[in-house]
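Q: just coords:
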């Protein structure tokens, strides 16, 4: 468990300034819609203890100036980002959602859409308020609708999960955000602590477990939260037109491979520059999203947003040379769709021997995950640029590739299937693998001649 802080303390922790929005003027009887005896007294006691009238505080806030000082990555700041901020007060009836909470949240989201502002939620809640029965539970539908409308409007939503975040607050504002961050050690789960099975593993109900399950993007310590939010908002609120520039080729290979097998050997070389080297060279600063929101993660695919050297925000999905698992494809599809909603161009780096083909991958829906990424790239609302930086193995690599805007480095190949697999299918002996590689025409120059790629990336020494 983390040290629990109040809504006002959380607001002061992450913002440069805050102005509270007026509360909706909605009638409310002391004991609520169910005439629950003692409810009015409980509310009055909570108000006296916390100084709040309800379990959520809503307002507009500025982020960024105090976090970065005068420059960001050596460039002049683009100015602080203004956002709508909602902060839950757990001390007010456990941060529970009731009708008046729903009124405030709905008004805040409406204000965000009217003024074209992102939404940041600092969540700490135990769920829906029992004293208001089903009317409290239906507030989740109101919140979900407001979140969906804000997503359709192309406005980013970032959630920070404090301790605890359970029930409907987790299942709407928390898990439903574009980017979800969490304070280490926080309880994060749909089931609250008093309604879990008695033999349940407590470790499964933590922020750390949600990161491992792909439901939370990152853990951020309290002292790093201000800068993390400022950076995320700076990146997600700066849409840019045009396609992402093609990265320069790194490494030592300046000439093109003489044979197909030479191309394969180069792409598989352990010393060849990998995704991290390309991303570090391409961006001045970057952040990552983690997980497919379906229970899985894949360390073999890096996804996130970064500031390119020309100052623009570019989204990226980069394979790291391993067989890509279903969660990797789903995370990449999530990235492409989010970037499209926010008006941010996408860069993909292809480097995989192919999709993972073990039994677990099949059980996790490999085919459906690959199909979903093909669809996301094919219907992307912003331009996608692809660079093949190593192995391009079959459909598991092609799913990340932009139709009509794919490039390759001199130390890469792209093939319908790996030469060894092709030889096995054709029932050829092992000593014919190299000849099969030549027949597949998988070298960068072959791909250019065939019209599969637009060009071979200019080389940049070092890296």
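A: Yep, that arrived. What you are looking at is a predicted structure, and each value in this text was computed from that prediction instead of being measured.

Q: where exactly do the strands run in the stretch 301-450 of the chain?
A: Remark: strands assigned in the stretch 301-450 of the chain by DSSP state E, counting those that start in this stretch are 301-308, 313-319, 346-352, 384-393, 406-408, 413-415.

Q: and if you look at the stretch 151-300 of the chain?
A: Using DSSP E, counting those that start in this stretch, strands in the stretch 151-300 of the chain cover 157-166, 179-182, 188-189, 218-219, 283-289.

Q: and the second one, what does it pack against?
A: Based on contacts counted as 3 or more C-beta pairs under 8 Å, 6 or more residues apart in numbering; DSSP states H and E, the elements that strand 179-182 packs against are strand 157-166, helix 207-212, strand 218-219, helix 225-236. The C-beta positions use only the backbone N, C-alpha and C, and glycine is treated the same way.

Q: so for residue 250, which of the strands of the stretch 151-300 of the chain sits nearest?
A: When the strands of the stretch 151-300 of the chain are compared by C-beta to C-beta, strand 283-289 sits nearest residue 250, at 13.8 Å.

Q: buried set for stretch 153-168?
A: Within stretch 153-168, the residues that qualify as buried are 155-168, counting by 16 or more other C-beta atoms under 10 Å.

Q: give me the nearest residue to residue 33, chain neighbours excluded.
A: residue 135 (5.1 Å; C-beta to C-beta, 6 or more residues apart in numbering).

Q: show me the contacts for the closest residue to residue 207 other than its chain neighbours.
A: Of all residues not flanking residue 207 in the chain, residue 182 sits nearest, at 3.7 Å (C-beta to C-beta, 6+ apart). By C-beta atoms under 8 Å, 6 or more residues apart in numbering, residue 182 lies in contact with 160-161, 165, 188, 207, 210-211, 216, 218-220.

Q: of the residues you listed, which is the most crowded?
A: Of the contacts of residue 182, residue 165 is surrounded by the most neighbours, 35 neighbours in total, counting by other C-beta atoms under 10 Å.

Q: so that one bridges to which residues?
A: For residue 165, the beta-bridge partners are residue 125, residue 188 (DSSP bridges).

Q: list the contacts of it.
A: Contacts of residue 165 (C-beta under 8 Å, 6+ apart): 123-125, 174, 182, 186-188.

Q: relative to residue 283, how far out is the spatially most central residue of the chain?
A: The centroid of the chain falls nearest to residue 289 when counting by C-alpha atoms, centre = their mean (3.4 Å). Per C-beta to C-beta, to the nearest Å, residue 289 is found 15 Å from residue 283.

Q: ok, residue 304 next?
A: Distance from residue 304 to residue 283, counting by C-beta to C-beta: 9 Å.

Q: which neighbours do those two share?
A: In contact with both residue 304 and residue 283: residue 316, using C-beta under 8 Å, 6+ apart.

Q: the bottom helix or strand of this protein by mean pLDDT?
A: helix 65-68 (a mean of 54; mean pLDDT, DSSP states H and E).

Q: can I get the strands of the stretch 301-450 of the chain in TSV with mean neighbour count, distance to residue 428 and mean pLDDT?
A: Conversion of those to TSV gives the following (neighbours: other C-beta atoms under 10 Å; distance: least, C-beta to C-beta, whole Å; pLDDT from 0 to 100):
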stretch	mean neighbour count	distance to residue 428	mean pLDDT
strand 301-308	24	32	97
strand 313-319	27	28	98
strand 346-352	27	24	98
strand 384-393	27	19	97
strand 406-408	26	26	98
strand 413-415	28	15	97
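
Q: can I get the buried residues of stretch 153-168 in JSON lines with pLDDT and distance to residue 362?
A: As requested, those are arranged in JSON lines below (pLDDT from 0 to 100; distance: C-beta to C-beta, whole Å):
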{"residue": "155", "pLDDT": "98", "distance to residue 362": "38"}
{"residue": "156", "pLDDT": "98", "distance to residue 362": "35"}
{"residue": "157", "pLDDT": "98", "distance to residue 362": "34"}
{"residue": "158", "pLDDT": "98", "distance to residue 362": "35"}
{"residue": "159", "pLDDT": "98", "distance to residue 362": "33"}
{"residue": "160", "pLDDT": "98", "distance to residue 362": "36"}
{"residue": "161", "pLDDT": "98", "distance to residue 362": "33"}
{"residue": "162", "pLDDT": "97", "distance to residue 362": "39"}
{"residue": "163", "pLDDT": "95", "distance to residue 362": "38"}
{"residue": "164", "pLDDT": "95", "distance to residue 362": "37"}
{"residue": "165", "pLDDT": "95", "distance to residue 362": "34"}
{"residue": "166", "pLDDT": "94", "distance to residue 362": "34"}
{"residue": "167", "pLDDT": "92", "distance to residue 362": "34"}
{"residue": "168", "pLDDT": "91", "distance to residue 362": "34"}
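
Q: many thanks, we can stop here.
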